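Participant: Mind folding the following:
(one chain, ligands or ions: 2)
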Amino acid sequence: MTSPVIEVQDLTKVYSGGTRAVDGITFSIQPGELFGFLGPNGAGKTTTIRVLATLLRATSGIARVAGLDVGTHPADVRRRLGLAMQTPTLDTFATGRENIELIGRMHRVPAAELKRRTDELLELMGLAQVARKMAGTYSGGMRRRLDLACALVHRPEVLILDEPTEGLDPQSRIALWGELERISKDGTTMLLTTHYMEEADRLCNRVAIIDNGRIVVDGSPAQLKAGIGADTVTLQLDAHGPEDLARQQTNVRDQLHGFEPLEAVTPESFGVSLSIRGAGRALPDLMRSLDRNGDGVRIVGLAVSQPTLDDVFLKYTGRRIRTEAADQPIILGW
Ligand SMILES: Nc1ncnc2c1ncn2[C@@H]1O[C@H](COP(=O)(O)OP(=O)(O)OP(=O)(O)O)[C@@H](O)[C@H]1O
Ligand SMILES: [Mg+2]
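Facilitator: Ligands and ions are numbered 1, 2, ... in the order given. As a prediction, the model looks like this:
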């Protein structure tokens, strides 16, 4: 068994105002892993990252990077880390190239190597064409990529990224995922935080779901989704206002009472989602059950989907993590 690159035991952070932002979390990351923290706003992701990056002192517990305690060996820890925070910390009045070189000099990368490495990173991040332009003129996606280049300039053993794709348009997000996958394949251990379940699912080989400062479950995305053991059937309902919607949702619940493959009914703003084992086979019976009393339930769309990490989040917290339109299920009308 190799020793973990990141090791956190019973870590707690209580801010001076009394907020218990991190509440006794324990996890470890093995060399080469791409580990994701998935959780909603305020879950405690950034706080954990700040402790690991030596920017914030923990209230109690242990955090080690490459075997070094972050509290007692902050300078050694920082040398081993590449860090990109939630808001890119670039010098907007310096060019892209100057930003990378500045960070390289801070990490004492020898001059000749720094030149070579900067060229290589500008190329890798698709910034070679704009290397001489001020970072302040860059688009959001270009800033993120430049920030990532800065984090990589001293060839860190561990890369820590706080919400690397937050606020990016879908194309830039997918391009950045490709870059992160490439960096991971090269052997860099990575910890990233995200509140996009698709991102955690697509990129990470292990995910910890964090909520209210606690890890509620962790595992590979496939393991977590397999643990759900049911598919999601989403019903879009034709409702005239919130009262009608609530009435129809109650009708769905009543009409499906005793329907054997049904595990859960969750009200949604557009209708209702049902957690059903073997949904494909159960669908005809399901529709018959829902059709029993005239217009008590007016279904205008239906979609069947495999479990997502959002369903995992729902199972363990009773809430949805979904925060944006891109994460909404596609409903097929009929
Ligand atoms: N400097 C601070 N002082 C006091 N409370 C703080 C401070 N920073 C964060 N908090 C609180 O700690 C909790 C966790 O915040 P944190 O920033 O770690 O969450 P997060 O998971 O990164 O959220 P987001 O997805 O919005 O970035 C929140 O309740 C937040 O309001
Ligand atoms: Mg955060």
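
Participant: Looking at the residue sitting nearest the centre point of the chain now. What's its pLDDT?
Facilitator: Central residue of the chain (C-alpha atoms, centre = their mean): residue 194, 2.5 Å from the mean position. On pLDDT, residue 194 comes in at 92.

Participant: The closest residue to it other than its chain neighbours and ligand 1: what is the separation?
Facilitator: Nearest residue to residue 194, sequence neighbours excluded (C-beta to C-beta, 6 or more residues apart in numbering): residue 200, at 5.5 Å. (C-beta placed from N, C-alpha, C; glycine too.) From residue 200 across to ligand 1, the span is 13 Å (C-beta to the nearest ligand atom, to the nearest Å).

Participant: so for stretch 260-276, what's the average pLDDT?
Facilitator: Rounded mean pLDDT across stretch 260-276 is 92.

Participant: OK, contacts around whatever residue of the chain ends up closest to ligand 2?
Facilitator: Taking C-beta to the ion, ligand 2 has its nearest neighbour within the chain at residue 46, 3.1 Å off. Counting by C-beta atoms under 8 Å, 6 or more residues apart in numbering, residue 46 makes contact with 85, 86, 162, 163, 193.

Participant: who wins for neighbours among those residues?
Facilitator: For the contacts of residue 46, the largest neighbour count, defined by other C-beta atoms under 10 Å, is 26 neighbours, found at residue 193.

Participant: name the element that residue belongs to?
Facilitator: Per DSSP states H and E: residue 193 is located in strand 189-194.

Participant: What segments of the stretch 1-150 of the chain are helices?
Facilitator: Along the stretch 1-150 of the chain, the stretches classed as helices by DSSP state H, counting those that start in this stretch are 45-52, 74-80, 96-106, 111-124, 140-152.

Participant: Turn the ones you listed into a markdown table, including mean pLDDT.
Facilitator: As requested, the helices of the stretch 1-150 of the chain are exported to a markdown table (pLDDT from 0 to 100):
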| stretch | mean pLDDT |
| --- | --- |
| helix 45-52 | 96 |
| helix 74-80 | 93 |
| helix 96-106 | 94 |
| helix 111-124 | 93 |
| helix 140-152 | 90 |
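
Participant: Skipping adjacent residues, who's closest to residue 143 in space?
Facilitator: The shortest distance from residue 143 to any non-neighbouring residue, by C-beta to C-beta, 6+ apart, is to residue 88 (4.7 Å).

Participant: what's the neighbour count on that neighbour?
Facilitator: Residue 88 has 20 neighbours, counted by other C-beta under 10 Å.

Participant: Just to check, it is in contact with residue 145?
Facilitator: No - using C-beta atoms under 8 Å, residue 88 makes no contact with residue 145, being 9.5 Å away.

Participant: quick one, what contacts the residue in the stretch 51-200 of the chain that ligand 1 sits nearest to?
Facilitator: Closest approach between the stretch 51-200 of the chain and ligand 1, counting by C-beta to the nearest ligand atom: residue 195, at 5.2 Å. If you count contacts by C-beta under 8 Å, 6+ apart, residue 195 has them with 38, 39, 40, 41, 43, 45, 163, 166, 321, 323.

Participant: Can you give me the separation between it and residue 213?
Facilitator: Using C-beta to C-beta, to the nearest Å, residue 195 is found at 15 Å from residue 213.

Participant: could you check the angle strand 189-194 makes with the one helix or strand residue 160 maps to?
Facilitator: Secondary structure from DSSP H and E places residue 160 in strand 158-162. Going by axes from the mean of the first three to the mean of the last three C-alpha atoms, to 10 degrees, strand 158-162 is angled at 0 degrees with respect to strand 189-194.

Participant: what does the average pLDDT come to for strand 158-162?
Facilitator: Strand 158-162 shows an average pLDDT of 95 in the prediction.

Participant: Does anything pack onto that strand? Which helices or strands?
Facilitator: On a contact count with 3 or more C-beta pairs under 8 Å, 6 or more residues apart in numbering; DSSP states H and E, strand 158-162 meets helix 45-52, strand 81-84, helix 140-152, strand 189-194.

Participant: So what touches that strand?
Facilitator: Under the contact criterion C-beta under 8 Å, 6+ apart, strand 158-162 has outside partners 5-6, 45-46, 49, 52-53, 65-66, 80-86, 148, 151-152, 180, 183, 188-193.

Participant: just stretch 74-93 next, same as before
Facilitator: Outside stretch 74-93, the residues that reach it (C-beta under 8 Å, 6+ apart) are 46, 49, 52-54, 65-66, 68, 70, 98-99, 102, 107, 134-136, 143-144, 146-148, 150-154, 156-164, 166, 188.

Participant: Give me the buried subset of these.
Facilitator: Among the contacts of stretch 74-93, the ones that count as buried by 16 or more other C-beta atoms under 10 Å are 46, 49, 52-54, 65-66, 68, 70, 98-99, 134-135, 143-144, 146-148, 150-154, 156, 158-164, 166, 188.

Participant: can you give me the mean pLDDT across stretch 205-213?
Facilitator: On average, stretch 205-213 scores 95.
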